[in-house]
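Q: Using only what follows, build the 3D model:
(2 chains)
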Protein chains: 2
Amino acid sequence: MNDEILSITSLQNDRVKELVRLRTRRERDRSHLTLVEEPLVISRALDAGYPLKTLFFCPGRIAPENKYLLDRLLDLSGLECIKVDEAVMDKVSYREQAEGLLLVAPQLIRELSSLELRSTPLLVVLEAVEKPGNLGAVLRVADGAGADAVIVCGGGTDLFNPNVLRASRGSFFSVPTVNADTDTVQEYLRSRNIAAVATSPVADHRWDQIGMTGPTAIVLGTEHEGLSAEWLTGADLTVGIPMRGTGDSLNVSTSAAVLLYEAVRQRSSRKEDLS
Amino acid sequence: MNDEILSITSLQNDRVKELVRLRTRRERDRSHLTLVEEPLVISRALDAGYPLKTLFFCPGRIAPENKYLLDRLLDLSGLECIKVDEAVMDKVSYREQAEGLLLVAPQLIRELSSLELRSTPLLVVLEAVEKPGNLGAVLRVADGAGADAVIVCGGGTDLFNPNVLRASRGSFFSVPTVNADTDTVQEYLRSRNIAAVATSPVADHRWDQIGMTGPTAIVLGTEHEGLSAEWLTGADLTVGIPMRGTGDSLNVSTSAAVLLYEAVRQRSSRKEDLS
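A: Here you go, the predicted structure:
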């Protein structure tokens, strides 16, 4: 730490008020900023080289095992660092137990056309995902399965809702996430010969009866409504996950997991080692 | 509705205070009661024939599409019905938007020895699951995959936490859930020739390289700690789910989904229809 670090102890400070406002979508949309919190998520943002604007830190709230993270952040060139006291940190933290580190980061908005895909892409398309926690959970499993990107269409949650970043456990920073119109997404997939596999309770195929070793986009709708007619008729295939109990659907991240790891299974040599 | 229905309009009423106390584990443990809320979850409790003790309802808060559910409940023999006003319902509801129906139900505690298993059982064992939401999410996917039961060992969350019921979307009522000591569970599995398949980041087999067509128990640990040595050495096999991105683990319900549906896939004829 050096002498240039600004220190804030007033809850009425404009920078504190600005942080609180960033919890609203309106302010995030206006400012093109978001909040990054929790040590694991912050670490993964750093590892991914994601640009960061301002660090608010409260030494008294930082656990010993996270001191290295503070040092890493204080060493980062171009990062504005602001020291706050406990009262301020508790006010601006989302979690009951403030962890002493909170970052403001710009919204890096990606375009569909600039996605870098591997030769045999594996994509997830989410239609009208409402809950940030669900989008975050899908990002986490998409990262696990090594998917190229997650494409969100048909409105729904703000991609930069801090709860998306948190629920993704930081996978938000490793899996490119794009918002686009349904028409644009369908044209994008068609022009690149990527098969759109739509999930539906009334499907033509069981999830494991189709091949996903070629370029594939797994398309998932909401739990309540399922996919729109636009996707059900516009997809190349419809697949269903059998429900053997009394419930009628799985959570969207669970459905994504079943389909993504079926693709991983098909794409892996049976003799391949765990890696 | 009939004249015998008790009506409460005071927030200071003892029955109201009792309901609020049921949000704490201490009071649930003491009274052997729990709370059932949300129309979908209540419907599934009714469908499963789960015993219900007391209904608190607020006609002004019940949406038109849930009036049938109120009628079903009012017709139930042996159910004590108490009408409350909006202020009381808002105080006792967990969700911001009270849905006008809240039930108190006894804790039906099941024993491992009384579980009814199919000839080729598929079980889930969860060690030290901390978050009620995670246990609920595992119950939901266990129901989807048609698992026989979910066994919880090594402490952790209260099985009857209302958040478990809620996150399970009511699958709590269709999938038997049992708490037992690790030793007892291991002996139970051994004596019934049920293979314990333990998940681990450092495993001997990939998740799809083992057979799960025989009697199988999928054993999952916590995200942070993984499984205890007791399970890692006591299991018949260890399996891993490859992590192809930058994250180092999946959520426990996602891991359960990948393994359970791999078992469903192996157990299904490839020609079987979706059903």
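Q: For the closest residue to residue A:218 other than its chain neighbours, give me its contacts.
A: Nearest non-adjacent residue to residue A:218, counting by Cβ to Cβ, 6 or more residues apart in numbering or on different chains: residue A:259, 4.7 Å away. C-beta here means a position set from N, CA and C on the backbone, and glycine is covered the same way. Shown in contact with residue A:259 (Cβ atoms under 8 Å, 6 or more residues apart in numbering or on different chains): A:197, A:199, A:207, A:212, A:218, A:220, A:239, A:241.
Q: that's a strand at residue A:259, yeah?
A: No. Applying DSSP: H, G, I helix; E, B strand; the rest coil, one finds residue A:259 to be helix, outside a strand.
Q: how close does it get to residue A:86?
A: Per Cβ to Cβ, to the nearest Å, residue A:259 is found 45 Å from residue A:86.
Q: before we move on, what about residue A:159?
A: 32 Å.
Q: Same drill for those two, tell me which one is more crowded.
A: For residue A:159 and residue A:86, the more surrounded residue by other Cβ atoms under 10 Å in any protein chain shown is residue A:159, and the numbers stand at 22 against 14.
Q: thought the more buried one was touching residue A:153?
A: No. In this structure residue A:159 lies outside contact range of residue A:153 using Cβ atoms under 8 Å: 11.5 Å.
Q: what do these two both touch?
A: Among the neighbours of residue A:159, those also in contact with residue A:153 (Cβ under 8 Å, 6+ apart) are residue A:179.
Q: Chain neighbours aside, what residue packs nearest to the residue of the stretch 151-275 of chain A found nearest chain B?
A: Closest to chain B within the stretch 151-275 of chain A is residue A:244: 2.8 Å, counting by Cβ to the nearest Cβ. Using Cβ to Cβ, 6+ apart and skipping residues adjacent in sequence, the residue nearest residue A:244 is residue B:146, 2.8 Å away.
Q: Need the pLDDT of that neighbour.
A: We have a pLDDT of 97 for residue B:146.
Q: so it makes contact with residue A:241?
A: No. At 11.8 Å, residue B:146 does not count as touching residue A:241 under the criterion of Cβ under 8 Å.
Q: Which members of the contacts of residue A:259 are positioned in strands?
A: If you go by DSSP state E, the contacts of residue A:259 have A:197, A:199, A:218, A:220, A:239 in strands.
Q: and the third one, how many residues sit next to it?
A: What it means is residue A:218. The local packing of residue A:218 (other Cβ under 10 Å) involves 29 other residues.
Q: for it, what are its contacts?
A: The neighbourhood of residue A:218, defined by Cβ under 8 Å, 6+ apart, consists of A:122-125, A:197, A:199, A:212, A:256, A:259-260, A:263.
Q: please redo it, this time with the cut-off set to 10 Å
A: A:122-126, A:138, A:142, A:145, A:147, A:150, A:195-199, A:207, A:212, A:239, A:255-256, A:258-260, A:262-263 (Cβ atoms under 10 Å, 6 or more residues apart in numbering or on different chains).
Q: Also residue A:48?
A: A:170-175, B:246.
Q: Which one of the residues you listed is nearest to residue B:187?
A: Relative to residue B:187, the closest of the contacts of residue A:48 is residue A:171; by Cβ to Cβ it sits at 39.0 Å.
Q: per-residue confidence averaged over stretch A:126-136?
A: Average pLDDT, stretch A:126-136: 94.
Q: Show me the strands in the stretch 51-200 of chain A, by range?
A: Secondary structure of the stretch 51-200 of chain A (DSSP state E, counting those that start in this stretch): strands at A:54-57, A:80-84, A:101-106, A:122-127, A:149-153, A:177-179, A:195-199.
Q: near chain B at all, the fifth one?
A: No. Applying Cβ under 10 Å from any Cβ of the partner chain, one finds that strand A:149-153 is not in contact with chain B, the shortest distance being 11.6 Å.
Q: any idea how far residue A:75 lies from residue A:68?
A: Taking Cβ to Cβ as the measure, residue A:75 and residue A:68 are separated by 11 Å.
Q: quick one: which of the two has more around it?
A: More crowded of residue A:75 and residue A:68, by other Cβ under 10 Å: residue A:68, with 11 against 8.
Q: Domain map for chain A?
A: Residue ranges for the domains of chain A, per automatic domain parsing: A:6-106, A:112-267.
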